[in-house]
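Enquirer: Provided below are the primary sequence and the corresponding predicted coordinates.
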Amino acid sequence: MTASENRIRFFVTDAHPCSYLPDEQASTLFIDPEHQVDGALYSQLSRNGFRRSGAHIYRPHCGSCNACIPIRTIAAEFTPNRRMRRIAKRNNDLQIVMRPNVDRDEHYNLYERYINLRHHNGDMFPPSRDQFDSFLSSEWGVTHFIEYRLDGKLIAASVTDIMDDGLSAIYTYFEPDHEQRSLGVFAITTQLQMCVDMGLPYVYLGYWIKACQKMAYKIDYRPCEVRVNENWTRLN
């Protein structure tokens, strides 16, 4: 850890069943929620493998299990594969805008429908307005919403954090009726292009878990770097 991180108090949760690997126990390292966080510190923590959920900054701390591997894509060198190019073409009729503030009612309605229809067996079900606000928003001025609209109607949104070395892709929710558009894939490639346009090197994708199907896809966005033994290593 850096000198700045050494001045932060950390807390570790008790072991509990892992959400991603059914035979594993998980625990999480959180920074002190009372610690003053700004964009610079948040960026530094992200480079050191931390992630955020709402205002809570954390990383896995699971003893003998090291399956959760921080991953980031090198934006300027990313080349979409054939499937990603087809998806982009399929969505070229969408209007895309990044905003620091949005109509929360409009966004919550979309989020609620997404969770109810796509993740009714997940940790975030049932959705609530408090959950939406606390999970997606941070308190240190880095969070933006990327809106995807079809003829003016909001059909998808990506929550992304602007850091000093890239974008952190926090979450994407979309209209389940437009499943054929593969909006989750399109959201990541859109953030990669925005990163290039902003002159930032990386899109942080959270944790790659090879043995978990819903987390394994992140390795498809190459070239990327994974953080192992406190160092970032490139994968072509």
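Expert: That came through fine.
Enquirer: not counting sequence-adjacent ones, nearest residue to residue 65?
Expert: residue 24 (5.3 Å; CB to CB, 6 or more residues apart in numbering). Backbone N, C-alpha and C define where each C-beta goes, glycine included.
Enquirer: now the helices for this protein?
Expert: Using DSSP state H, the helices of the chain run over 3-6, 39-47, 82-90, 104-118, 129-136, 183-197, 213-216.
Enquirer: domains for this structure, by residue range?
Expert: Structurally, the chain divides into domains by automatic domain parsing as follows: 3-66, 72-235.
Enquirer: rank those by mean pLDDT and give me the bottom one.
Expert: Comparing those by mean pLDDT, the weakest confidence falls on domain 3-66, with a mean of 91.
Enquirer: roughly how far does the residue nearest to the spatial centre of the chain sit from residue 76?
Expert: Among the residues of the chain, the one closest to the centroid is residue 170, at 2.6 Å (CA atoms, centre = their mean). Separation of residue 170 from residue 76 (CB to CB, to the nearest Å): 22 Å.
Enquirer: what of residue 138?
Expert: Relative to residue 76, residue 138 is positioned 26 Å away (criterion: CB to CB).
Enquirer: ok, these two, which is more surrounded?
Expert: Each of residue 138 and residue 76 has its neighbours counted (other CB atoms under 10 Å); residue 138 has more, 20 against 12.
Enquirer: what's near enough to touch that one?
Expert: When the contact criterion is CB atoms under 8 Å, 6 or more residues apart in numbering, the partners of residue 138 are 42, 52, 54-55, 161.
Enquirer: circling back: which one of the helices of the chain lies nearest to residue 17?
Expert: Proximity of those to residue 17 was assessed by CB to CB; the nearest stretch is helix 213-216, lying at 16.2 Å.
Enquirer: OK, contacts around residue 205?
Expert: Taking CB under 8 Å, 6+ apart as the contact definition, residue 205 lies against 71-73, 169, 188, 218, 221, 224.
Enquirer: mind putting those in TSV, distance to residue 151 and neighbour count included?
Expert: Listed next are the contacts of residue 205 as TSV, based on distance: CB to CB, whole Å; neighbours: other CB atoms under 10 Å:
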residue	distance to residue 151	neighbour count
71	35	24
72	34	26
73	31	28
169	26	25
188	24	21
218	31	21
221	29	24
224	35	23
